[in-house]
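Visitor: Starting from these lines, generate the structure:
(chains A and B)
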Amino acid sequence: GAGVSQSPSNKVTEKGKDVELRCDPISGHTALYWYRQSLGQGLEFLIYFQGNSAPDKSGLPSDRFSAERTGGSVSTLTIQRTQQEDSAVYLCAGRVSGNTDTQYFGPGTRLTVL
Amino acid sequence: GQQLNQSPQSMFIQEGEDVSMNCTSSSIFNTWLWYKQEPGEGPVLLIALYKAGELTSNGRLTAQFGITRKDSFLNISASIPSDVGIYFCAGGPQGGSEKLVFGKGTKLTVNP
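Guide: Below is the predicted model:
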């Protein structure tokens, strides 16, 4: 994805620990999405931020998952008390408002929960 | 929730062969999109379709938005080794939703 960065690229953690994943979108992208991609699966929508509106959290799988977007730019996805089933690649995407299709994806963070 | 059925799950072809993959849904979509994902990268948009019946090409790639608005296909002609990757379809639902629904992907392997 052009300019969208995510960190860390890989994260290995122990079951029960909390993790924070970061997304730096392209400047000017008013909308930001988080997706989860499990092995051999498609992209599962998690949460969507649009400008100053309340985020659409309808895809978060449990209350252990939360995300915030500070200053309309950087976003962090936090997973508390990680479980093995949380192991996946977490992708962030940004887009210009009003243009649903042109989502620019970051390279993802591969999370492994032991 | 809305789901997309993408097939085939995987394909193993020889360089130079043509490839076809498709997505179907029980729901109507306003847009159909095709993405390609290479290892260690996020998906990259290949083709976007906005109207039922629309046929769009991007180099050796051709995609169509089905007349019923419930399906789409992607063809790749004269495949080359760099075509390897996972191809995802995605649908933009009706009602102004700004969330895409993704298929599970088609993993393409091209043997030189």
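
Visitor: of all the residues in chain B, which ones are close to chain A?
Guide: When proximity is defined as Cβ under 8 Å from any Cβ of the partner chain, chain B approaches chain A at B:4, B:6, B:31, B:33, B:40-45, B:48, B:88, B:90, B:92, B:98-105. In short, each C-beta sits where N, CA and C put it, glycine included.

Visitor: Contact residues of chain A facing chain B?
Guide: Counting by Cβ under 8 Å from any Cβ, chain A sits next to chain B at A:1, A:4, A:31, A:33, A:35, A:40-45, A:48, A:50, A:56, A:59, A:91, A:93, A:100-103, A:105-108.

Visitor: List only buried entries from the residues you listed.
Guide: A:1, A:4, A:31, A:33, A:35, A:42-43, A:45, A:48, A:50, A:56, A:59, A:91, A:93, A:100-101, A:103, A:105-108 (16 or more other Cβ atoms under 10 Å in any protein chain shown).

Visitor: thinking again about what came up before, counting neighbours, which of the residues of chain B next to chain A end up buried?
Guide: By 16+ other Cβ under 10 Å, the residues of chain B next to chain A give B:4, B:6, B:31, B:33, B:42-43, B:45, B:48, B:88, B:90, B:92, B:98-105 as buried.

Visitor: about what we covered before: if you look at the buried ones among the residues of chain A next to chain B, which of them are in helices?
Guide: If you go by DSSP state H, those have nothing in helices.

Visitor: any low-confidence regions in chain A?
Guide: Along chain A, the model assigns pLDDT under 70 to residues A:1-2, A:97-101.

Visitor: secondary structure class for whichever residue of chain B sits closest to chain A?
Guide: Taking Cβ to the nearest Cβ, chain A has its nearest neighbour within chain B at residue B:42, 2.8 Å off. What DSSP: H, G, I helix; E, B strand; the rest coil gives for residue B:42 is coil.

Visitor: Quick check: chain neighbours aside, which residue is closest to it?
Guide: Nearest residue to residue B:42, sequence neighbours excluded (Cβ to Cβ, 6 or more residues apart in numbering or on different chains): residue A:105, at 2.8 Å.

Visitor: shouldn't the one you found be in contact with residue A:91?
Guide: Yes: the criterion here is Cβ atoms under 8 Å, and residue A:105 meets it with residue A:91 at 5.6 Å.

Visitor: Give the intersection of the neighbour lists for those two.
Guide: Here residue A:105 and residue A:91 have B:42, B:43 as joint contacts, going by Cβ atoms under 8 Å, 6 or more residues apart in numbering or on different chains.

Visitor: measure the most centrally placed residue in chain A to residue B:25 for me?
Guide: Closest residue to the average C-alpha location of chain A: residue A:34 at 3.2 Å, with Cα atoms, centre = their mean. For residue A:34, the distance to residue B:25 (Cβ to Cβ, to the nearest Å) stands at 23 Å.

Visitor: And the strands in chain B?
Guide: With DSSP state E as the criterion, chain B has strands at B:5-7, B:10-14, B:19-24, B:29-37, B:44-49, B:55-58, B:61-65, B:71-76, B:85-93, B:101-102, B:106-111.
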